[in-house]
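>>> below are the sequence and a predicted model for it; my questions follow.
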Amino acid sequence: MLETALFIGFAMVSIAIFLSFLRLIKGPDVPDRILALDTLYINSIALLVLLGLYFQSALYFEAALLIAVMGFVGTIGLSKYLLRGDIME
Amino acid sequence: MTAITLLSFNLPIAALLPFVGAIFAAWAANINRLASAWVAAFVTILALAFLAPSMAMVFAGETLIQSWTWMPVIGLEFAFRFDGLALLFSLLILVIGLLVIIYARYYLSKKDSMGRFFAYLLMFMGSMLGIVLSENLIQMVVFWELTSLTSFLLISYWQHRQDARAGARMALVITGGGGLALLAGVLLLGHVVGSYNLTDVLSAGELIRGHDLYFPILVLILLGVFTKSAQFPFHFWLPHAMAAPTPVSAYLHSATMVKAGIFLLARFFPVLSGTPEWTWLVGGAGLITFLLGAYFALFQHDIKGLLAYSTISHLGLITLLFGFGTQLAAVAAIFHIINHATFKASLFMVAGIIDHETGTRDMRRINGLLKYMPHTAVLAMIAAAAMAGVPLLNGFLSKEMFFDQALTASGSSVWAWAIPILVVLAAVFSVAYSLRFIHDVFFNGDPINLPKTPHEPPRFMKIPVDLLVIICLAVGMIPMFTVAPILAVAVAGTLQTTPPEYSLAIWHGFNLPLLMSFIALVLGVLVYTMRKRLFEWHESGMAHWDARIIFNAVLGVIGAFANRVTRSFDKGSLQNATVWVLVTALLAGFIGFTTVSAPLFGDRELLPVDGVSVLAIAILMVASVLTVAWHRKRLIALVMLGVVGLIISLMFVKFSAPDLALTQLSVEIVTVILLLLALYFLPQTTPKETSDLRVSRDIVIALLSGVGVTLLAMAVLTRDFAPISEFFLLNSVPGGGGTNVVNVILVDFRGTDTLGEIAVLALAGLGIFAMLQGMKLHAPAQDSVGRIWNSDLHPEIMQTLTRLLLPLMLMIAIYIFLRGHNLPGGGFIAGLIAAVALIVQYLSNGIAWTNDRLKFDMHWVIGFGLLIATATGLVAMGLGYPFMTTAFTYLNWPVVGKFEVASAIAFDLGVFLVVVGATVMSLVELGKLSDQSHQAQPSLNGSTQSTSALKSQQETN
Amino acid sequence: MFEWILSALIIIGAFFTLVGSIGLYKLPDFFMRLHGPTKATTLGVGALLIASALYFSFKTDDISLHEILITVFLFITAPVSAHLMAKAAIHIKLKQVKRTQNEIK
Amino acid sequence: MKTLFNKILPHPVLTLVLWGVWLLLNNTIGAGHIVLGLILAIFIPWLTSGFWPEKIRIQSPFTLLKFLGVVLWDILVANMSVAKLILSPNKNLKPGFFYIDLDIQTPLGISLLANTISLTPGTVSCDLTEDRKQLLVHALHIEDIPATIKEIKERYEAPLKKVFTAC
Amino acid sequence: MSHLTAWPVFLPLITGFILILAHMGGIRLQRAISFLAVIGLVLLSMTLISATSTDQYQVYLLGNWTAPFGIVLVLDRLSALMVLITSLLAVGALWYAMTTDTDKKGAHFHILFQLQLFGLNGAFLTGDVFNLFVFFEVLLLASYGLLLHGNGRLRTKAGLHYVVINLVGSTLFLFAVGALYGVLGTLNIADMAAKIAIAPQEDLGVIAGAGLLLLVVFGVKAAMFPLYLWMPSAYANTSAPVAALFAIMTKVGIYSIIRVHGTLFGDEAGELTYFYAPWVLGLGLVTLFLAALGVMAARGLREQVAYLVLASVATLLIGVGLMSPAALNATLYYLIHSTLIAGAMFLLADVVLRGRGDYEDRFESGPFMPNAILIGSVFMIGAIAMTGMPPLSGFFGKVLILSAALDDTWFAVIITVVLVSGLITILSMARSGSLIFYKTLSKDAVVSSKPIEPLNRMAFIAVIGLLLSSPALVIFAQPITAFTEATAHQVFNSAAYIEAVLSTPMVTEANK
Amino acid sequence: MEWLISLAIGVLTATGVYLTLRARTFPVVLGLTLLAYAVNIFLFAMGRLTVGLPAVIDKTAEAAQYSDPLPQALVLTAIVIAFGMTAFLIVLALKARGELGNDHVDGLDVESNHASNKEAK
Ligand code: NA
Ligand code: NA
């Protein structure tokens, strides 16, 4: 049961990652790509949670947490670059 | 053990004394102008005095050897030898040296630095003594090259003169280069004989002549000889060396340095001579030189030029004698060495007097000096007559012996008739130029337009000439009572056997040599009388033929070649350099692999593939290809790079490496922020400027690299191996006190790596700090498409909520830090998280605001981090254990319960601090750059330039 | 029963994650696409994390609630990211679909 | 006494939150971590107090809780409808921008409002005017702009304003 | 286990962070600390030299973990010698930097300097390949900072090239080390050698490939053809004391080849025994020839000295490539000579530059510089030493190498290339010396916006001091060659090295 | 799976190499970063690939059931070092941009490059 659910879960998240990546490629503008990257980060969290369940290991938590943190920082950095060029001023 | 007497160490003293004297001579110039000359003369006499006691031994037929170990690994000894040959040359060097010193003291003008001159001269004298006194051949080469160096200094003594500089350099290159050939020859010789000591070499003639290496050895040594002794085709440096002050010419270019080559011929005569190769090479070079020198001497207008070519000719004569290879020829050669030294040194001195007194050396202007300086004229005439081989003078005796040898030594050859004829021809020219020297200078009407009115020089300037001319006469008239004993020991020293029978009588009856002398004298006079026509003929053709032109052309070609090769390889292009490195690496891997015959892949079982991995890795590959494809749009390339980094972190998670994933994630973001900070100051796009050819080349290199690395990875991954890692897994808990083996490796098993790594980070931070000091760049006021930046510096919502994140992220950092020893995490990752937490504050609140609230100087954070990390290691040292030995224990406190305390944690704290300090320092300093740049904008000139550069950049895009 | 709840949560979570990415992929302009990821963040990852928390709480002796942290963190940060991206998009005057009401130029 | 307390515990709420965070992170309520967590929860706010010049004051904790409940519920419900919107053909969507005039003025309040708007599916807060008076919101599909504005103001802004009043 | 072994590594590190903490304390404090530390290093390394005279290996188990599991420092004659040369050079460079105020031209000079020494000494002492990589990175990053210290267009450009090339080099290093680990499963040099000795035939291809890749890495550091392109302009454009200190940088590459390749592919390596040596020899010869042409083509004194350093490195590569104890002995002797003299020459080039105003060190007629005779004489001595003319150490170094080359089948080529290159360098140095010191302009013809600085006598001491090593190497040739000969034999005895490293026991309460 | 990873390393290397050979500083930095990624995965893979194994010591598992920790430690070191290097390089690139007036790795602009070529001829 759980196996099947996980399998479906992996499949859906994989498709999600694939679609996000397609958007990243298509753009067409920089914000679209930043958004797609941000989404990829969040998709990755989903993927890691599934992996944690699949391997029954709690060790994926930190990675997921860190992806959340770092994805955010990356996104605001890139956005601020578009806004101001100078991201630390 | 022999008792230490003067005779056990006098030779090196004599050879080194002039070098010490040189220092004193240079220093003495501070006292008064003449003190240097006195020092030089004193040193010369002292050296003679040191040698004197050993002379008796030599006359008694003994050879004195004094040696000390120096570099035993290659058989280099500090070894000296005093035999007849050395004795003869030492006397030449010292006696003529002394006369030259006396002469030079009067010759040099007030403008010339006496200290420098005599210091150089003494150094040269020491070098010459070194050559002739050396027992060890390498040591001899040392002194040999020293004569090249010191002669460079002496020839270029008047360094303001172009011809002096050029002449000195030419002499250095030719003789120094020959010295290098000599070195090669000596090395081979030593290799063949098994020793560099002359005693051994001289007794191994048979072995050497029979060896495969005989011919290369001979050629290399002869290169040394011919260059030094100005033999064809290396003769041309000598006339150009005449730019030297005349005492130098008298000393170096008549009596000593040019004789060093001859000395070497004599030295190796017993070892190398007696083969057809020797005869052809030595004899051939000697004969050509003899002729060539005599011919050109006649047509020189410069007195010293005439003497220089005459010297070349006489050196050729001596060489030819050695080339004959007979013992009697060697006797004649040595005899002529002595004679040439005396008459030629005196002639040079005369030339110097004339130059000194008339202000010119051009014989077309100098005429009829007999009436102005009769005494000098007489001396000159005697010496010149000796040079011409006029009877009753020393030159005549050795020339007779020479003619005799020319007739007998070549007796068996097919060319037997040629040699005597050519020899006489050369002698004819010798007579002619000697006659010209006398007639053109001292007679031949009145001087033309001389700068000075000539008169006799100071008395002491003539005394050396007087003495030399007296020797010419004495040897010429009573050879048995003057030169005979020295000649005898010199010959014995040269031949290393009992010398052959020879006679030094003035009169040998009417014989063929006498006839040859007579023909030479008569025809010589005849040639001189026909000089007008000969000069015209010469000027129309031969005069333009100068080896110097070839020399300079060769140098020019070499120089141009050097330039072309250097600039076409070292283009100053980074791309070029990188291509070389990459291509070499590819080749190295390939060549290395194919060195042995081994299969590329092993047969280890491979892991199965799953869909998620395929997708992730496909994305990774596409993203990295797109990073390249879109690299011209820099921001987008950066976003693609972000994808690559993210997928790599996920891979690390997947393949059971959570620590790596965490590190990769944090580093990735910090890198992106860093690149964003930098990108602000850089063009937003990359122009298309490389040619298609270059692009295709790079693509090929890139593909080959990719294929190479893939194959290398597969080659390893398909093999089994037995790593040392089991030790870490087994000892991590009992030995390191942590269950996270990766962290225990980092802080304990391989803590030194980590120490180095934080040093790298610290250096990066400090280096960036140092680089950014005072740096100002153009801060663009608009983005790449010309939009003015958004006016909202710190969007409120971001500001408010990210402040909330700071404590949260610090909490996470501490959490990651503390668990690191047992679970994924540790000082690095924690440090990066903490750094990111701070950087986020800078991003959303600005530098000024954040710095106000964060009162740490990051220098201190880095410094304390290193301090703590190192101190942890040092504590162990204090307890008698090696650096970095860790300890841990479990404490059980009330309420809190049982917990672990490990010194590795303290180390990790150091790591944490350095990571935080260095990361924040790097990024914040970079962030400050814009502030500096904004402030600097209006006033700075450079910024307008860089603005225009930027504009042109954008136009190209 | 427990497995059922878990499976449902996993599928719900994965589904909303997918929906978010579908939105990102198919919607016609940047501002509309911006709505996609919020789905992924909120319900998608939220549900998955709850599944994880439940799973580890029941599979092991200890309760596991730290997944909540990630959710909270995402709830704080995702809107901020979205806000900034939108702000940037407005700044650089990204085009919107024609039918957008109160179109910003 | 109060100033000393203020110095040690500049932000008691934050301390409580962090304490909770620590225990969550470590997934434990072991005695050791309770002590360590408390120490850290006191230490970190003290360390970062400079970043928090103004004091956070929560006027009405109950309103806050109720607000959180509402938001969570909205997220759940709205997600479903938005999922339907996304999966339906694009041409059915009526996107739009609108400004909300803000009554709430505290920075934290505004930020939380903006966040709430973004979190609840269908709307994203895009920009805050520089005078902090208006919030620009984008909606994925909007039929009646004034009604939506009104709903946002009542459902989210009002309780938030009540919770965060002071500066 | 003597802690002395570890001190050359940690003394500069400790000095480094003390300097970081003292960076507010002003330049005089920093100078005092820095200089004292360097002097301490000299004394320390002299002690280490005498400690190695028994031919014992001093293996220091960092963290008290035995090899191959932990990282070990191995002190033998070779590493002690390298540490000594480094510290002597450092004294000269630092003295010059302080007396000319070069250290004030930018931030953190002394910190970077000390950490550079940390990296260098670590690289010389470590017995672990990955740790060698780490120390390489330390010394590189420090060198990046030092290279760029001060300012200037050309310096920045050269720095950029230097950094990028070295980053590529570091990447290759990791590929090579990774592949070796992947096959051998270990990182300790001795252990790797032991494992190569018993490696199955089918693994040898990968090992050899990785081995040559590693040679490329060291070749980049050692400035071996065709990998040296970063080098001439980097050396020519940095500040003088840094260039002087950098004289040791190329030797790190040489040392690494001797140590790593010499041990991994030593006598026990079966089919792979010294398989790399012919490449080193051949490329060394090419390098030497190109370096000589570079010396001739140089447009300024500093560039010329840089190419001379390249030539000396090439000579060392030839010595290494000959792969015999005699050749290695020669290499080590020449290494001492070339390092210290190169240091002196870079400083001297700076002295010249300062005395010529706008004309700098370019080969063109310039002003008659203050103290020209003194500087010119010293220049001549340096040139003699550098070009390998007698009676200074360069000559004897070359003679040692050539006499070792006589046993090689390629001896004719080697002798020819060495001597012809030598001649070209002599010719070039004669030209540059006479241009700079002889062919001077009259006072009126000199136009210089930069001041013509009088000779800084204090700074000149550093030049003289370093140059004195050349006569010293000649006069004390016997003890020095005795040491280098013993060193060469020790290096060739890789079995003893392996044995010593792998058998050193942990420190326990009982044996400490 | 090994082929997949090796290919990924290969692609990263190839792209990294290509960018490293570009003429402007920024792509070079990107290229070196890609190369660093490639070598990190390579180094990591040298411990052989394992999936789903415990990352920390667990009393129930045996040594063979862990992934090789040593390459992981090495990669961690390498990552951090590469970061330090990248940081330094990018700031150096800025310095070069400031002092040389453009961001060409040799400090040449396209036009000025042509000009100097002509001059040389
Ligand atoms: Na005349
Ligand atoms: Na929303």
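Sure, I can see it. Residues are numbered from 1 along each chain as shown, chains lettered A, B, ... in the order given. Ligands and ions are numbered 1, 2, ... in the order given.

>>> apart from its chain neighbours, what residue comes closest to residue 4?
With no chain named, the answer covers chain A. Among residues not flanking A:T4 along the chain, C:S7 sits closest, at 7.3 Å (Cβ to Cβ, 6 or more residues apart in numbering or on different chains). The way it works is simple: take the backbone N, C-alpha and C, and place the C-beta from them, glycine included.

>>> could you do chain F instead?
The nearest residue in space to F:L4 (Cβ to Cβ, 6+ apart) is B:I617, at 5.2 Å.

>>> swap in B:L711?
Nearest residue to B:L711, sequence neighbours excluded (Cβ to Cβ, 6+ apart): B:L600, at 6.5 Å.

>>> so who does that neighbour touch?
Residues near B:L600 by Cβ atoms under 8 Å, 6 or more residues apart in numbering or on different chains: B:593, B:711, B:714-715, E:205.

>>> I'd like the residues you listed as JSON lines, with secondary structure appended.
Below are the contacts of B:L600 laid out as JSON lines (DSSP: H, G, I helix; E, B strand; the rest coil):
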{"residue": "B:F593", "secondary structure": "helix"}
{"residue": "B:L711", "secondary structure": "helix"}
{"residue": "B:M714", "secondary structure": "helix"}
{"residue": "B:A715", "secondary structure": "helix"}
{"residue": "E:G205", "secondary structure": "helix"}
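
>>> and the next helix or strand past the helix or strand harbouring B:P464?
Assigned by DSSP states H and E, B:P464 belongs to helix B:459-477. The helix or strand immediately downstream of helix B:459-477 is helix B:479-482, counting by DSSP H and E.

>>> now the closest residue to chain A within chain F: phi and psi?
In chain F, the residue that lies nearest chain A is F:G52 (4.6 Å; Cβ to the nearest Cβ). When read as degrees, to the nearest 10, the backbone of F:G52 gives phi 70, psi 20.

>>> tally of neighbours for it?
Using other Cβ atoms under 10 Å in any protein chain shown, F:G52 is surrounded by 13 other residues.

>>> hang on, isn't it packed against A:Q56?
No. Counting by Cβ atoms under 8 Å, F:G52 does not reach A:Q56; the two are 9.2 Å apart.

>>> and the contacts of whichever strand or helix holds B:A490?
Using DSSP H and E, the element containing B:A490 is helix B:484-495. The contact list for helix B:484-495, computed with Cβ under 8 Å, 6+ apart, reads B:58-59, B:61, B:63, B:83-88, B:91, B:266-267, B:269-270, B:327, B:330-331, B:334-335, B:338, B:498-499, B:504.

>>> who are the packing partners of the helix or strand that that helix is followed by?
Under the assignment DSSP H and E, the closest C-terminal helix or strand after helix B:484-495 is helix B:512-529. Applying 3 or more Cβ pairs under 8 Å, 6 or more residues apart in numbering or on different chains; DSSP states H and E, one finds that helix B:512-529 makes contact with helix B:394-408, helix B:418-442.

>>> and the helix or strand just after helix B:512-529 with helix B:418-442, angle?
Once the chain leaves helix B:512-529, the next helix or strand it forms, by DSSP H and E, is helix B:531-540. Using axes from the mean of the first three to the mean of the last three Cα atoms, to 10 degrees, the inter-axis angle of helix B:531-540 relative to helix B:418-442 is 110 degrees.

>>> what about the strand or helix carrying the residue nearest to A:T4, near ligand 2?
In the assignment (DSSP H and E), C:S7 maps to helix C:2-26. No. Under the criterion of Cβ under 5 Å from the ion, helix C:2-26 makes no contact with ligand 2; the nearest approach is 12.2 Å.

>>> for the most centrally placed residue in chain F, which residues are in contact?
In chain F, the residue lying closest to the centroid (Cα atoms, centre = their mean) is F:A36, at 2.0 Å. If you count contacts by Cβ under 8 Å, 6+ apart, F:A36 has them with E:171, F:16, F:78-79, F:82, F:86.

>>> next helix or strand past the helix or strand it falls within?
Take DSSP H and E as the rule and F:A36 turns out to sit in helix F:25-45. As assigned by DSSP H and E, the chain's next helix or strand after helix F:25-45 is helix F:69-100.

>>> tilt between that following helix and helix F:25-45?
Interaxial angle of helix F:69-100 relative to helix F:25-45 (the same axes, to 10 degrees): 170 degrees.

>>> could you give the mean pLDDT of helix F:69-100?
In this model, helix F:69-100 has an average pLDDT of 92.

>>> what helix or strand is the residue positioned nearest the centre of chain A located in?
Centroid check for chain A by Cα atoms, centre = their mean gives A:Y41 as the closest residue, at 1.6 Å. Using DSSP H and E, the element containing A:Y41 is helix A:30-55.

>>> show me what that helix is packed up against.
helix A:2-26, helix A:60-84, helix B:634-654, helix C:2-26, helix C:30-33, helix C:35-39, helix C:46-59, helix C:67-91.

>>> go through those and pick out the most buried.
Greatest average neighbour count among the helices and strands packed on helix A:30-55 goes to helix C:35-39 (a mean of 29), per mean count of other Cβ atoms under 10 Å in any protein chain shown.

>>> is there proximity between that one and chain D?
Yes. With Cβ under 8 Å from any Cβ of the partner chain as the criterion, chain D is reached by helix C:35-39 at C:35-36, C:38-39.

>>> kindly reformat those residues as TSV containing distance to E:P471 and pLDDT.
What follows is the residues of helix C:35-39 next to chain D, written out as TSV (distance: Cβ to Cβ, whole Å; pLDDT from 0 to 100):
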residue	distance to E:P471	pLDDT
C:H35	82	89
C:G36	79	83
C:T38	80	78
C:K39	82	73
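
>>> average pLDDT across the helix holding C:S7?
Mean predicted lDDT for helix C:2-26 stands at 92.

>>> what packs against that helix?
helix A:2-26, helix A:30-55, helix C:30-33, helix C:35-39, helix C:46-59, helix D:61-87.

>>> any chance you could map the strands in chain E?
For chain E, the strands defined by DSSP state E cover E:58-61, E:72-75.

>>> what's the most buried one of these?
Highest mean neighbour count among the strands of chain E (mean count of other Cβ under 10 Å): strand E:72-75, with a mean of 26.

>>> show me what it is packed against.
The contact analysis (3+ Cβ pairs under 8 Å, 6+ apart) places strand E:72-75 against strand E:58-61, helix E:109-125, helix E:494-503.

>>> relative to its centre, which residue of chain C is most distant?
Chain C, farthest from centre, Cα atoms, centre = their mean: C:D61 at 30.3 Å.

>>> how far away is that residue from chain D?
Distance of C:D61 to chain D, given as Cβ to the nearest Cβ, to the nearest Å: 11 Å.

>>> what's the answer for E:V74, then?
Plainly put, E:V74 is 43 Å away from chain D if you go by Cβ to the nearest Cβ.

>>> beta partners for that residue?
Beta bridges link E:V74 to E:V59 when assigned by DSSP bridges.

>>> what sits against it?
E:V74 touches E:57-60, E:125-127, E:497, E:500-501, counting by Cβ under 8 Å, 6+ apart.

>>> okay if I get those residues as CSV plus distance to C:I76 and pLDDT?
Below are the contacts of E:V74 laid out as CSV (distance: Cβ to Cβ, whole Å; pLDDT from 0 to 100):
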residue, distance to C:I76, pLDDT
E:Y57, 59, 91
E:Q58, 57, 91
E:V59, 54, 92
E:Y60, 51, 92
E:L125, 50, 95
E:T126, 47, 95
E:G127, 50, 94
E:Y497, 59, 93
E:A500, 59, 93
E:V501, 54, 94
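
>>> now, which of those sits nearest B:P458?
Comparing these against B:P458 with Cβ to Cβ places E:L125 closest, at 69.2 Å.
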